[in-house]
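> Predicted structure and sequence below. I'll ask about it afterward.
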Amino acid sequence: SYRADFLETLWPGAISAWVDHHLGMGVDEITLYDLDGTFAQYAARPEVRYIPLVNLAVSGAYGRAWALHRRCQKCLEFVVADHCLMSYRHQADWVLGIRSFDQFLLEGNWSLSSLLRTLDSTGAPGALINEWDL
């Protein structure tokens, strides 16, 4: 993510509401990957792991190229997903990837805990990343 100031101008309170919503559903920890360091204030809680300037932290050469051109924000998406999966390997039962602050997990006729129990019973791998509609 980048430009927290821009998001807050468009949708005041949206970032905090997004974090509160997912923690309220029972998500144990949120890892917030930040491209420009503007999201630090939203990570000031123990349930939020904050990785600032992820473009440099995750991949030095690639990150510097991104910083110079800033044309390919999506290019980092897969690098970040890999970093997240490897960081939580053997630490988390499940990793759910939500790519943007305009995407929410919503409970209807199911709950997050029931979804994870169902997935556990299938022997599915412990990650859901990228596009989904629940």
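Thanks, I have the structure now. Worth saying up front: this structure is predicted, and the values here are computed from it rather than measured. Residues are numbered from 1 along each chain as shown.
> any idea how far H21 lies from N55?
For H21, the distance to N55 (CB to CB, to the nearest Å) stands at 27 Å. C-beta coordinates here come from the backbone N, C-alpha and C atoms, glycine included.
> My error: substitute Y33 in the last question.
Taking CB to CB as the measure, Y33 falls 9 Å from N55.
> Which residues are in contact with each of those two?
Here Y33 and N55 have no joint contacts, going by CB atoms under 8 Å, 6 or more residues apart in numbering.
> By residue count, what's the longest helix in this protein?
Longest helix in the chain, counting residues (DSSP state H): helix 75-88.
> All the strands of this structure, in order from the start?
Counting by DSSP state E, residue ranges of the strands within the chain are 30-33, 48-51, 95-96, 127-128.
> before we move on, back to that, higher neighbour count, H21 and N55?
Shown here are H21 and N55; by other CB atoms under 10 Å, N55 has more neighbours (24 against 13).
> Hmm, that one is touching L76, no?
Yes. N55 is in contact with L76 according to CB atoms under 8 Å; the separation is 5.9 Å.
> on that earlier part again, which other helices and strands does the longest helix of the chain contact?
strand 30-33, helix 54-58, helix 60-69, strand 95-96 (3 or more CB pairs under 8 Å, 6 or more residues apart in numbering; DSSP states H and E).
> What is the neighbour count of S16?
Close neighbours of S16, defined as other CB under 10 Å, add up to 13.
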